[in-house]
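J.: based on what follows, work out the 3D shape:
(chains A and B)
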Protein chains: 2
Amino acid sequence: VDIGIDFSESVSERGVTERRFDLTAGETLVPGILWTPEDATGPRPLILLGHGGSQHKRIPNVLGMARSFVRHRGWAAMAIDAPGHGERRVPGEEPLLARAERTPEAVREMGQRFKRAVGEWKLALDAAQQLDDVGPGAVGYWGVSMGTLIGLPFVASEPRIRCAVLGLAGLRENSGKRFTQSAHDLRVPVLFVYQRDDELGTIEQGLALFDALGSPDKTMHVNPGKHVEMPLFEREAAETFFARHLLAEAARAS
Amino acid sequence: VDIGIDFSESVSERGVTERRFDLTAGETLVPGILWTPEDATGPRPLILLGHGGSQHKRIPNVLGMARSFVRHRGWAAMAIDAPGHGERRVPGEEPLLARAERTPEAVREMGQRFKRAVGEWKLALDAAQQLDDVGPGAVGYWGVSMGTLIGLPFVASEPRIRCAVLGLAGLRENSGKRFTQSAHDLRVPVLFVYQRDDELGTIEQGLALFDALGSPDKTMHVNPGKHVEMPLFEREAAETFFARHLLAEAARAS
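T.: Have a look, this model is predicted:
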């Protein structure tokens, strides 16, 4: 397939350059955003941000983290719309996540979508690493909820990712084999975040996924509240986690 | 009772002044250590460090945190020997914690000791706040395992303490009423740390105590490993937690 990336707009604000891009791979068009320090040159750590179900690449928590990483640390950050999300949403169509609660066909379709999303992340990462101000630096992944359903198999199968923040997802009876196997296969350091009163999963399911992660270096943060009520200070904890692992990585490389 | 404090030695090393003291209250003598920035004057946040069972006031993790808090943040830190620990240990006597596993009398005696320890912490805090380089600033408490068994009732009953790091302890059938009530009464922000493979308690007991804490602002960190295998980065997390709450406190006060 033909693969291309087209940077359509670039806006800089308070030291952060935001570039919207379209990644084309054959028939597929994946819209994304890359955030870098204004006037940056040379390689730097890159954080990939995977949004949650029904969200998109520029949802406030993704945008907030991207800007923090660029401003506080001088890293790059990137987000893409997952299949069926953001600019890829088909108007009037019922979200697949909602349909998947009713029919096995929709569950299978979602599994295919998540698999496709992993391939798209790899292509987007290829493209970003070609850029002079990103380069082949250390890469981290952040994604919770659907960002973990897609991100865990992605991180487990992509050696360029050196650490990940995952969470708001658990192991349950209907967890797919591919997802469960990815958990066992994972070796990179993980910060796993979970909400004590998550209405979409029990703490036992969250602990089961944390336990299943094959990573020797893993840590879990639990906060009171529902699925979307994670406290803001977990962004700071994610940043500290990425700094600990990606800077150590960068030091070993040089 | 007569209460006095006697600072017997003072040593400064790499910017940290360490003062050993003896607190006397009637018949009781409590040895302790205060760490402050060298040449400090004026009030500053103070962190009280409660060591674990069989440990003492200058065990490496306590000493390491005290020095970090002073060097990184310019705070003061203080530790005291718990009853029967450190310089207060009766040579040749079997530790009470070990005896408490066998006899109800020893369990009762331990309850009395923990209650006494709370009173000693209050006296030590009174004394520290008289000092020009500590003063009436914001106070935080750190203590896990026995440091939580003593510290939770202490923090719940001491309005000068504005936030606490607790953990490595759970709610169980034989948890005393005073301890359980203290958990419910607690209102200050808490960072609760726990080890996934703690041989002294289950994750369910740890979660039960976390759930019971009355604090609206609470967060839990779980790490793989046994009771004494908490990763070093939790010291950094504790420091970040104290900074978030004590500096906000200081800003409100001024």
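
J.: ok, and the closest non-adjacent residue to residue A:135?
T.: Among residues not flanking residue A:135 along the chain, residue A:43 sits closest, at 2.8 Å (CB to CB, 6 or more residues apart in numbering or on different chains). Any C-beta I mention is one placed from the backbone N, CA and C, and that applies to glycine too.

J.: so that neighbour makes contact with residue A:139?
T.: No - Residue A:43 lies out of contact with residue A:139 (CB atoms under 8 Å); the separation is 10.8 Å.

J.: which one's more surrounded, those two?
T.: Higher neighbour count among residue A:43 and residue A:139: residue A:139, with 25 against 18, using other CB atoms under 10 Å in any protein chain shown.

J.: residues contacting that one?
T.: Residue A:139 sits next to A:45-48, A:125, A:160-162, A:246 when contact means CB atoms under 8 Å, 6 or more residues apart in numbering or on different chains.

J.: from residue A:133, how far out is it?
T.: With distances taken as CB to CB, to the nearest Å, residue A:139 is found 15 Å from residue A:133.

J.: report the buried residues of the longest helix along chain A.
T.: Assignment by DSSP state H gives helix A:104-129 as the longest helix of chain A. By 16 or more other CB atoms under 10 Å in any protein chain shown, the buried positions in helix A:104-129 come out as A:106, A:109-111, A:113-114, A:116-118, A:120-121, A:123-125, A:127-129.

J.: report pLDDT for residue A:173.
T.: Note for residue A:173: predicted pLDDT of 88.

J.: typed the wrong thing, it's residue A:90
T.: With respect to pLDDT, residue A:90 has a value of 87.

J.: quick one: contacts for the closest residue to it other than its chain neighbours?
T.: Spatially, and ignoring its direct neighbours in sequence, residue A:90 is nearest to residue A:84 (7.2 Å; CB to CB, 6+ apart). By CB under 8 Å, 6+ apart, the contact set of residue A:84 is A:90, A:93, A:95-96, A:113.

J.: want to throw those into JSON lines with secondary structure and distance to residue B:61?
T.: Shown next, in JSON lines, are these (DSSP: H, G, I helix; E, B strand; the rest coil; distance: CB to CB, whole Å):
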{"residue": "A:90", "secondary structure": "coil", "distance to residue B:61": "56"}
{"residue": "A:93", "secondary structure": "coil", "distance to residue B:61": "56"}
{"residue": "A:95", "secondary structure": "coil", "distance to residue B:61": "49"}
{"residue": "A:96", "secondary structure": "helix", "distance to residue B:61": "49"}
{"residue": "A:113", "secondary structure": "helix", "distance to residue B:61": "47"}
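
J.: can you give me the helices for chain A?
T.: Assigned by DSSP H, chain A shows helices spanning A:60-68, A:96-100, A:104-129, A:146-156, A:177-185, A:203-212, A:233-253.

J.: what's near enough to touch the residue in the stretch 51-200 of chain A that chain B sits nearest to?
T.: Per CB to the nearest CB, residue A:196 is where the stretch 51-200 of chain A lies closest to chain B, at 7.4 Å. Residue A:196 makes contact with A:203, A:222-225, B:210-211, B:220, according to CB under 8 Å, 6+ apart.

J.: which residues of chain A lie near chain B?
T.: Neighbours of chain B within chain A, by CB under 8 Å from any CB of the partner chain: A:196, A:203, A:207, A:210-211, A:218-224, A:231, A:233, A:236-237, A:240, A:244.

J.: in chain A, which helix or strand is least confident?
T.: Every helix and strand in chain A was compared by mean pLDDT, DSSP states H and E; the lowest is helix A:96-100, with a mean of 82.

J.: got the end-to-end distance for stretch A:223-241?
T.: End-to-end distance for stretch A:223-241: 17 Å, by CA to CA, to the nearest Å.

J.: what sits up against that stretch?
T.: A:61, A:64-65, A:68-69, A:72-73, A:142, A:144-145, A:163, A:165, A:168, A:189, A:191, A:193-200, A:219, A:221, B:218-220, B:236-237, B:240, B:244.

J.: next, the buried residues of that stretch.
T.: By 16+ other CB under 10 Å, the buried positions in stretch A:223-241 come out as A:223-224, A:227, A:230-231, A:234-235, A:237-239, A:241.

J.: can you give me the pLDDT of residue A:9?
T.: With respect to pLDDT, residue A:9 scores 83.

J.: against chain B, how distant is the residue lying closest to it once chain neighbours are set aside?
T.: Leaving out its chain neighbours, the residue that sits closest to residue A:9 by CB to CB, 6+ apart is residue A:20, at 4.9 Å. Separation of residue A:20 from chain B (CB to the nearest CB, to the nearest Å): 34 Å.

J.: touching, residue A:20 and residue A:33? I think so.
T.: Yes - look at residue A:20 against residue A:33 with CB under 8 Å: they come within range, at 5.5 Å.

J.: ok, the most centrally placed residue in chain A - contacts?
T.: Chain A has residue A:50 as the residue nearest its centroid, 2.7 Å off, counting by CA atoms, centre = their mean. Shown in contact with residue A:50 (CB under 8 Å, 6+ apart): A:79, A:82, A:121, A:141-143, A:146-148, A:150-151, A:154.

J.: between which two of these is the distance greatest?
T.: Across these, the longest distance by CB to CB is 15.0 Å; it joins A:79 and A:148.

J.: please name the bridge partners of residue A:47.
T.: Beta-bridge partners recorded for residue A:47 (DSSP bridges): residue A:77, residue A:140.

J.: chain B versus that one, what's the distance?
T.: Residue A:47 is 19 Å from chain B, by CB to the nearest CB.

J.: how about the contacts made by that residue?
T.: By CB under 8 Å, 6+ apart, the neighbours of residue A:47 are A:65-66, A:69, A:75-78, A:139-142, A:242.

J.: tell me the pLDDT at it?
T.: According to the predicted model, the pLDDT of residue A:47 comes to 98.

J.: how about residue A:26?
T.: pLDDT recorded at residue A:26 is 85.

J.: so it touches residue A:119, yeah?
T.: No - look at residue A:26 against residue A:119 with CB under 8 Å: they stay out of range, at 10.7 Å.

J.: who touches both of these two?
T.: Here residue A:26 and residue A:119 share no contacting residue, scored by CB under 8 Å, 6+ apart.

J.: could you export the contacts of residue A:84 as CSV, including distance to residue A:178?
T.: Formatted as CSV, those follow (distance: CB to CB, whole Å):
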residue, distance to residue A:178
A:90, 25
A:93, 25
A:95, 22
A:96, 17
A:113, 13
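
J.: buried among the residues you listed? Need that as a selection in ChimeraX.
T.: Only the buried entries of the contacts of residue A:84 go into this ChimeraX selection, using 16+ other CB under 10 Å:
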select /A:96,113
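
J.: from residue A:144, how far off is residue A:170?
T.: Separation of residue A:170 from residue A:144 (CB to CB): 12 Å.

J.: out of the two, which sits in the busier spot?
T.: Per other CB under 10 Å, whichever of residue A:170 and residue A:144 has more neighbours is residue A:144, with 25 against 21.

J.: that one reaches residue A:169, doesn't it?
T.: Yes - counting by CB under 8 Å, residue A:169 is a contact partner of residue A:144 at 7.2 Å.

J.: shaky segments in chain A?
T.: Along chain A, the parts satisfying pLDDT under 70 run over A:1, A:253-254.

J.: one more time with 90
T.: Within chain A, the segments meeting pLDDT under 90 span A:1-9, A:25-28, A:90-104, A:106-108, A:137, A:173-176, A:247-254.
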